[in-house]
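Engineer: Sequence unavailable; structure follows:
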DNA sequence: GATGATATGATTGTATACGATTAGGCAATT
DNA sequence: AATTGCCTAATCGTATACAATCATATCATC
């Protein structure tokens, strides 16, 4: 970590939780105020680590020194360690007592495992969403809007924004299951995948990806369980295969190198 | 928390990780030494909270005061808080900044959600296990042995031991997928369900439960994907329906009452 | 009586200080 | 040369001390 992590400041006041476009499945607009929680140093630390990892300031498998990062972020080691515990429990970091903390090691095998777990969660979520009839206009509109965002980002060649919209698409699909447990597990996977892939979305296949998402929506509207399951599985596996994993890693190393 | 949590002492030395019967899918016996990690205060705290919750010393939704529990376990608040962060990230606790820590609130709705997520993970795991041919003698033997344990515990009327064997059965089934990510997510669910149901397994249906597991093994051996998926889903849902949820809660309150 | 301001105690969030463990170098020994 | 023991620096784990926040009670005001 040679570069400064200029992440922390961000106002010490109160803000809302990590937002995304829409609200929950049924809840109208109630929580907009009740969800306003104080942001502690731990939250900042968590955000900083995630962002630092996604931006390649910390590479997979690399060691993180508590005191160093703490002082860099302008806090003491105590909240730092609490952030570590949270992220370790989510699979982002590994803690070895008295040895140190490392960013999760990344192999193509592990990516496959994460994607496989994703398939498990997303297919179940879609199935449950359908069985609850959560594929009506209200939900579909959200998905179409996100595809619009993806198209916008594609024309702008904004790989980061594109990836975020893609993530949001799937996040909402999972939410339509109405099962927060599924959502929470999914978020943990999404976090790890975000860190692994970072900003490195390959622009040439954006059109293809958009097409796949429109197909997903169409199938979801139709409401055939096995069909959406197969479509989702194929979609996720395609994503894995289309990413040149070794290139992502080597790009990272180069970008950070000297 | 009126009663003493006499959980902590347990020697300060080094022990191995939380054990279960067998090893991983492929790994032989290599890690028996390399896996020996130092046990820190945080580990003790985590164990104590889980055990205290499973034994009903802390009830769902109930508040936990850091300093109180810390002194009870003979440690300072710092490792205590790290344990809280870990468990909160696994859904066992809820943290509200400056307000306090609570054991997860429990409703029958949440149990359904947990079980639903379990179905997602276990059916996928079984599917993957089959596709990798991990339903050979070596794996099946493990499952049969666990059914034997269940029978032994049933004759002994040892509800706790029975529940543990049941859990181990499913744990191994998930492991046979060879996907540690699935396993990790599953452990998080198992932890929450353990805390919710605690020791309160109802003895009258033990025989029925054993029969269900033998059926599961048979179907697993046969290797038909959709069949094992359906069987697993039914099995898990039956478990949910057979448990008198309100009774579990009220028993807890009574047992702790005065 | 309802409302609002203010003080007080309990509890959480954070910083600092100290003890414990590891990793690596170097010399002594075999 | 390989092994062993000991030393030191770096880093982690834990305890303690202090600051920030919340909840409640008390009181004044209308």
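Structural biologist: Now that the structure is in, tell me what you want to look at. Because the structure is a prediction, the values reported are computed rather than measured.
Engineer: which residues touch residue A:88?
Structural biologist: Applying C-beta atoms under 8 Å, 6 or more residues apart in numbering or on different chains to residue A:88 gives the contacts A:94-95, A:101, B:86. C-betas here are computed from N, CA, C, even on glycine.
Engineer: Same list (the residues you listed) but as a markdown table, adding pLDDT, secondary structure and distance to DNA strand D.
Structural biologist: Converted to a markdown table, the contacts of residue A:88 look like this (pLDDT from 0 to 100; DSSP: H, G, I helix; E, B strand; the rest coil; distance: C-beta to the nearest atom of the strand, whole Å):
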| residue | pLDDT | secondary structure | distance to DNA strand D |
| --- | --- | --- | --- |
| A:94 | 97 | strand | 11 |
| A:95 | 97 | strand | 6 |
| A:101 | 97 | strand | 6 |
| B:86 | 98 | helix | 12 |
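Engineer: Tabulate these in a markdown table, adding columns for neighbour count and distance to DNA strand C.
Structural biologist: Converted to a markdown table, those look like this (neighbours: other C-beta atoms under 10 Å in any protein chain shown; distance: C-beta to the nearest atom of the strand, whole Å):
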| residue | neighbour count | distance to DNA strand C |
| --- | --- | --- |
| A:94 | 16 | 14 |
| A:95 | 19 | 13 |
| A:101 | 21 | 13 |
| B:86 | 24 | 14 |
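Engineer: Phi and psi next, for residue A:100.
Structural biologist: Main-chain dihedrals, residue A:100, degrees, to the nearest 10: phi 150, psi 180.
Engineer: leaving aside the residues next to it on the chain, what's closest to residue A:120?
Structural biologist: Closest residue to residue A:120 apart from its sequence neighbours, by C-beta to C-beta, 6 or more residues apart in numbering or on different chains: residue B:124 at 3.4 Å.
Engineer: Residue A:130 versus the one you found, what's the distance?
Structural biologist: Distance of residue B:124 to residue A:130, given as C-beta to C-beta, to the nearest Å: 18 Å.
Engineer: between those two, which one's more packed in?
Structural biologist: Comparing residue B:124 with residue A:130 by other C-beta atoms under 10 Å in any protein chain shown, the one with more neighbours is residue B:124, at 25 against 19.
Engineer: quick one: the more buried one and residue B:182 touch, right?
Structural biologist: Yes: with contact defined as C-beta atoms under 8 Å, residue B:124 counts as touching residue B:182 (6.6 Å).
Engineer: List, one by one, the residues from the stretch 101-250 of chain A near DNA strand D.
Structural biologist: residue A:101 (C-beta under 7 Å from any atom of the strand).
Engineer: Does the residue of the stretch 101-250 of chain A found nearest DNA strand C belong to a helix, a strand or coil?
Structural biologist: Of all residues in the stretch 101-250 of chain A, the one sitting closest to DNA strand C is residue A:102 (12.1 Å; C-beta to the nearest atom of the strand). In three-state terms, and counting by DSSP: H, G, I helix; E, B strand; the rest coil, residue A:102 is strand.
Engineer: What pLDDT does the model give it?
Structural biologist: Residue A:102 is assigned a pLDDT of 97 by the prediction.
Engineer: Tell me how many other residues surround it.
Structural biologist: Counted with other C-beta under 10 Å, residue A:102 comes out at 18.
Engineer: which residues does it contact?
Structural biologist: Here residue A:102 is in contact with A:61-64, A:93-94, A:96 (criterion: C-beta under 8 Å, 6+ apart).
Engineer: What's the separation between it and chain B?
Structural biologist: According to C-beta to the nearest C-beta, to the nearest Å, residue A:102 and chain B sit 14 Å apart.
Engineer: so where does the residue nearest to residue A:120 fall, helix or strand?
Structural biologist: Per DSSP states H and E: residue B:124 is located in helix B:108-131.
Engineer: now that helix against helix A:108-131, angle please.
Structural biologist: Here the directions of helix B:108-131 and helix A:108-131 differ by 130 degrees (axes from the mean of the first three to the mean of the last three C-alpha atoms, to 10 degrees).
Engineer: What residues of the helix or strand that helix B:108-131 is followed by count as buried?
Structural biologist: As assigned by DSSP H and E, the chain's next helix or strand after helix B:108-131 is helix B:137-156. Residues of helix B:137-156 classed as buried by neighbour count (16 or more other C-beta atoms under 10 Å in any protein chain shown): B:139-140, B:142-143, B:145-147, B:149-151, B:153-154.
Engineer: the helices in chain A, which residues?
Structural biologist: Remark: helices assigned in chain A by DSSP state H are A:31-34, A:41-54, A:66-72, A:77-89, A:108-131, A:137-155, A:159-175, A:180-197, A:206-222, A:225-242, A:245-256.
Engineer: between those, which gets nearest to residue B:244?
Structural biologist: Closest to residue B:244 of the helices of chain A, according to C-beta to C-beta: helix A:180-197, at 21.7 Å.
Engineer: What average pLDDT does stretch A:218-233 get?
Structural biologist: Rounded mean pLDDT across stretch A:218-233 is 97.
Engineer: burial count for residue A:161?
Structural biologist: 16.
Engineer: Can you check the pLDDT for it?
Structural biologist: Value listed for residue A:161 in the pLDDT field: 88.
Engineer: and the closest residue to it other than its chain neighbours, what does it touch?
Structural biologist: In this structure, residue A:161 finds its nearest non-sequential neighbour in residue A:153, 4.0 Å apart by C-beta to C-beta, 6+ apart. Shown in contact with residue A:153 (C-beta under 8 Å, 6+ apart): A:159, A:161-162, A:165, A:206.
Engineer: Apply 7 Å and report the result again.
Structural biologist: With contact taken as C-beta atoms under 7 Å, 6 or more residues apart in numbering or on different chains, residue A:153 is in contact with A:161-162, A:165.
Engineer: For the stretch 51-200 of chain A, what lies in contact range of DNA strand C?
Structural biologist: A:74-79, A:82, A:98-99.
Engineer: Now stretch A:88-101: buried residues?
Structural biologist: Across stretch A:88-101, burial judged by 16+ other C-beta under 10 Å covers A:88-95, A:101.
Engineer: What is the burial count for residue A:220?
Structural biologist: Neighbours of residue A:220 under the rule other C-beta under 10 Å: 23.
Engineer: Then the one 10 residues further on?
Structural biologist: Neighbouring residues of residue A:230 were enumerated by other C-beta under 10 Å; the total is 13.
Engineer: Could you check how far it is from residue A:220?
Structural biologist: If you measure residue A:230 against residue A:220 using C-beta to C-beta, the figure is 12 Å.
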